[in-house]
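A.B. asks: Pasting the sequence and the predicted coordinates here, then a few questions.
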Amino acid sequence: MDRLTRLLEAALFAAARPVTLDELRRLDPDAAEIDLRAALASLRLRYDEGGHGVELAELADGWQILTRPELADALAQAQLVERPRRLSTAAMETLALIAYRQPVGRLEIEEVRGVAADGVLRLLQDRGLVEVVGRGEGLGRPLLYGTTPLFLELLGLNVLGDLPRVDELAVALTPPAAENAVEGA
Amino acid sequence: MTLVAASADEPAFVVRLAEFSGPLDLLLTLIREQEIDITDIPISQIADQFVAAIHRLGLNQAADYLDMAARLLRIKVQMLLPRRLEDDEWEDPRAELVRRLLEYEQIREIVGWLVDRATLRADRFARGWAPEAPERPAAPLVLDLPSLLRAVEDVLRGMPQPVLHRVVPRPLDVEGATRRIEGLLAERERFDLRDAFGDAPTIADVISTLLAILELARVGRLHLAQQTPFSPVDVHRGSIDQAA
């Protein structure tokens, strides 16, 4: 392993969260982005092919060393790690809506789900998965919610664009913007 | 056995509510169970089933479900109303419901995807996991004798002083003043207004006495007379008093 790869490995090992490319660049100001990416790729390959218990994952717009999924049960049984608590269906529905329509207000969420959303919103905020990202126009300037980097981490996604596109879903639906236009006409 | 019977009697409201994440979830489940085309819902049938279901599940206390039941019944009524065949204006009252159901179904599909992803991710652990610290009992209290005595003193000082008895002179009220003036009138046919106030009157005494005199004058028990401005006011018995 060259020095840059060793540096990256050390940084990713020591960090408690995904480390972004910008942060990794600070390890060696002389290294070009292409060098960093090459080093990350070689590290990933080394873990994948060298029979390691960890792998290099790209998520939440950064890189993180994670244990391999096939070892999860053994680790959990030994109580050395703990899987995160699962979210309720109501919480997942709200999270899905926020992920796709952010920034989105409470009223729109309640309209789609047909139930009050304040309790679920509080829970998602407490878990750090959504946050207030602004205020909407209109009466009372309602709070608008969006997802956090922790949401991407929870799902192992790199960017929001990794979510399935709406037109890839089995259920076809006109985007809400077009609907509003029709209603307004 | 009694346990089972008891739990069956309970409304089981909270527990059942968790089965469905909302009225749309319940409605969509009913529709899917019967393999009905979502764009051509037999609304009358589904509305009845929905109402029966929320009743059975004990959801008839949840406003969100009642709201949906009311919507379904309204659509059912609208579908029953006759309409002219050539009426272009007519819009299927189910359209809004279908739109909401499709929208909700899409959310359900996304939720399925998200849950799959989250499950995969949950099998890969990052560094830095630490078990949540178990709740510790409160640390044992450490203190020496002087601080214990100080604490006792603080408690004693904070205790309210027992109220044994406090006698406060009650100011003369209008009723008391009335009685006093009636006493004066019984003794004397006429007297000076200043005599009515008594010795060293307080403000309350003066006000009460004045009010009493005015009231007695109003009902005719006494008469007031003043010869010139600022001269002493004469109070003398009224005619009614003599009659009584």
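C.D. replies: Arrived safely. Everything numeric in this text was worked out from a predicted model, so none of it was measured. Residues are numbered from 1 along each chain as shown, chains lettered A, B, ... in the order given.

A.B. asks: and the helix or strand that contains A:A90, what does it pack onto?
C.D. replies: Secondary-structure assignment from DSSP states H and E places A:A90 in helix A:89-101. Counting contacts by 3 or more C-beta pairs under 8 Å, 6 or more residues apart in numbering or on different chains; DSSP states H and E, helix A:89-101 packs against helix A:106-113, helix A:118-126, strand A:143-147, helix B:95-122. Every residue, glycine included, has its C-beta placed from N, CA and C.

A.B. asks: what's the longest helix seen in chain A in contact with?
C.D. replies: Assignment by DSSP state H gives helix A:33-49 as the longest helix of chain A. Under the criterion C-beta atoms under 8 Å, 6 or more residues apart in numbering or on different chains, residues A:1-2, A:4-5, A:8-9, A:12, A:21, A:24-25, A:31, A:52, A:54-56, A:63, A:65 lie in contact with helix A:33-49.

A.B. asks: ok, now with 6 Å
C.D. replies: A:L4, A:T5, A:L8, A:E9, A:L24, A:V54, A:E55, A:L56 (C-beta atoms under 6 Å, 6 or more residues apart in numbering or on different chains).

A.B. asks: how far away is the spatially most central residue of chain A from chain B?
C.D. replies: Centroid-nearest residue in chain A: A:L152, 0.3 Å away (criterion: C-alpha atoms, centre = their mean). According to C-beta to the nearest C-beta, to the nearest Å, A:L152 stands 10 Å off from chain B.

A.B. asks: Would you agree that residue is in contact with A:A60?
C.D. replies: Yes. Counting by C-beta atoms under 6 Å, A:L152 touches A:A60, with 4.1 Å between them.

A.B. asks: Spell out which parts of chain A neighbour chain B.
C.D. replies: A:16, A:64, A:66-67, A:69, A:72, A:81, A:83-84, A:89-90, A:92-93, A:96, A:112-115, A:154-156, A:164, A:169, A:171, A:173 (C-beta under 6 Å from any C-beta of the partner chain).

A.B. asks: Quick check on these: which are buried?
C.D. replies: Buried members of the residues of chain A next to chain B, scored by 16 or more other C-beta atoms under 10 Å in any protein chain shown, are A:64, A:66-67, A:72, A:81, A:89-90, A:92-93, A:96, A:112-115, A:154-156, A:171, A:173.

A.B. asks: Which SSE is immediately downstream of the helix or strand containing B:L149?
C.D. replies: In the assignment (DSSP H and E), B:L149 maps to helix B:145-158. Counting by DSSP H and E, the next helix or strand C-terminal to helix B:145-158 is helix B:174-187.

A.B. asks: tell me the domain boundaries of chain B?
C.D. replies: Domains of chain B are assigned by automatic domain parsing as B:7-81+B:92-115, B:174-243.

A.B. asks: quick one: the first one near chain A?
C.D. replies: What that stands for is domain B:7-81+B:92-115. Yes. Domain B:7-81+B:92-115 comes into contact with chain A (C-beta under 6 Å from any C-beta), by way of B:21-24, B:64, B:102-103, B:105-107, B:109-111, B:113-114.

A.B. asks: Let me know the closest of those to B:R157.
C.D. replies: Lowest distance from B:R157 to the residues of domain B:7-81+B:92-115 next to chain A (C-beta to C-beta) belongs to B:D64, with 55.9 Å.

A.B. asks: Can you check the pLDDT for residue 184?
C.D. replies: Here I'm looking at chain A. Looking at A:G184, its pLDDT reads 34.

A.B. asks: The chain in question should be chain B.
C.D. replies: Spelled out, the predicted local distance difference test score at B:L184 is 87.

A.B. asks: Out of the domains of chain B, which gets the lowest mean score?
C.D. replies: domain B:7-81+B:92-115 (a mean of 80).

A.B. asks: Just give me how far it sits from the chain centre.
C.D. replies: Domain B:7-81+B:92-115 sits 32 Å away from the centroid of its parent chain (C-alpha atoms, centre = their mean, to the nearest Å).

A.B. asks: what does stretch A:96-115 give?
C.D. replies: 18 Å.

A.B. asks: In that stretch, which residues are buried?
C.D. replies: Under the neighbour-count criterion of 16+ other C-beta under 10 Å, stretch A:96-115 has A:96-102, A:104-106, A:108-110, A:112-115 buried.

A.B. asks: average pLDDT for it?
C.D. replies: Across stretch A:96-115, pLDDT averages out at 90.

A.B. asks: Endpoints of it, how far apart?
C.D. replies: One end of stretch A:96-115 sits 15 Å from the other (C-alpha to C-alpha, to the nearest Å).

A.B. asks: Mind listing residues that contact it?
C.D. replies: Against stretch A:96-115 from outside (C-beta under 6 Å, 6+ apart): A:93-94, A:117, A:130, A:133-134, A:136, A:142, A:144-147, B:22-24, B:64, B:103, B:107, B:110-111, B:114.

A.B. asks: and the residue nearest to A:E153 when sequence neighbours are not counted, how many neighbours does it have?
C.D. replies: Among residues not flanking A:E153 along the chain, A:A60 sits closest, at 4.5 Å (C-beta to C-beta, 6 or more residues apart in numbering or on different chains). Number of residues near A:A60 (other C-beta atoms under 10 Å in any protein chain shown) recorded here: 23.

A.B. asks: can you check A:A10 too?
C.D. replies: Per other C-beta under 10 Å, the neighbour tally for A:A10 reads 11.

A.B. asks: what helix or strand is it on?
C.D. replies: Assigned by DSSP H and E, A:A10 belongs to helix A:3-14.

A.B. asks: In CSV, list the C-alpha atoms belonging to that helix.
C.D. replies: Provided in CSV are the C-alpha atoms of helix A:3-14 (Å, rounded to 0.1, in the frame of the first residue of the first chain):
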residue,chain,number,x,y,z
ARG,A,3,1.4,6.2,1.7
LEU,A,4,-1.8,7.9,0.5
THR,A,5,-3.8,4.7,0.8
ARG,A,6,-2.4,4.1,4.2
LEU,A,7,-3.4,7.6,5.3
LEU,A,8,-6.9,7.1,3.9
GLU,A,9,-7.3,3.8,5.7
ALA,A,10,-6.1,5.4,9.0
ALA,A,11,-8.5,8.3,8.6
LEU,A,12,-11.5,6.1,7.8
PHE,A,13,-10.7,3.7,10.6
ALA,A,14,-10.4,6.5,13.1
